[in-house]
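>>> Return atomic coordinates for the entry below.
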Amino acid sequence: MKLRVARHTLALKPITEYYTSIIGLSLLGEFKNHEGYDGVFLGVENENWHLEFTVSNTPPDHKPDSEDLLVFYPSTKNEFNQIAARLKANDALVEPENPYWQRNGLMTLDPDGYGIIIVNPKLQNR
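Down below sits the predicted model:
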């Protein structure tokens, strides 16, 4: 089974830059003017999941709260440290509301205001 998480946005370029430059995902594909939508596919090569972000003339009506999260599990401590350094360099860290994430990861907000957790590999499976 494959998984695609799709979300409409007003900020396609900032979303693409955030997830590629800060989080470290790859641009897997993109489309222009497909039945009125532009979009991108972001993820990790050869995995069975990806994120899709679209933009159109219809604006989204999202209201993310502190528990609307995407959680990423870096494979290595080095990968975690690289993401953490990019988050810190961009002053992009925020305090998670959930105490579990306060202890076990780092939180940031994407350009749409959705929470992203980067889990410390040393602390996974606890």
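>>> Which residue ranges of this structure form helices?
12-17, 77-89, 99-104 (DSSP state H).
>>> now those helices in a markdown table, with distance to residue 122?
For the C-beta atoms, the positions are set from N, CA and C on the backbone; glycine is no exception. Below are the helices of the chain laid out as a markdown table (distance: least, C-beta to C-beta, whole Å):
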| stretch | distance to residue 122 |
| --- | --- |
| helix 12-17 | 29 |
| helix 77-89 | 6 |
| helix 99-104 | 9 |
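>>> Residue 65 is nearest to which of these?
With C-beta to C-beta as the criterion, residue 65 lies closest to helix 99-104 of these, at 14.0 Å.
>>> what comes up buried for that closest one?
By 16 or more other C-beta atoms under 10 Å, the buried positions in helix 99-104 come out as 101, 104.
>>> now stretch 28-45: mean pLDDT?
On average, the pLDDT along stretch 28-45 is 97.
>>> And stretch 3-11, by the same measure?
96.
>>> Now tell me what touches stretch 24-31 from outside.
16, 19-20, 37-45, 50-51, 79, 82-83, 86 (C-beta atoms under 8 Å, 6 or more residues apart in numbering).
>>> which stretches of the protein have low pLDDT?
Low-confidence segments of the chain (pLDDT under 70): 123-126.
>>> quick one, strands of it?
For the chain, the strands defined by DSSP state E cover 3-8, 26-34, 37-43, 49-55, 69-72, 93-94, 105-109, 115-119.
>>> Which of those strands sits closest to residue 62?
strand 3-8 (7.6 Å).
>>> Give me the helices and strands touching the closest one, please.
Judged by 3 or more C-beta pairs under 8 Å, 6 or more residues apart in numbering; DSSP states H and E, the packing partners of strand 3-8 are strand 49-55.
>>> and the strand it packs on, how far out from the chain's middle?
Remark: strand 49-55 is offset 10 Å from the chain centroid, using C-alpha atoms, centre = their mean, to the nearest Å.
>>> what inclination does it have with respect to strand 37-43?
Counting by axes from the mean of the first three to the mean of the last three C-alpha atoms, to 10 degrees, strand 49-55 lies at 160 degrees to strand 37-43.
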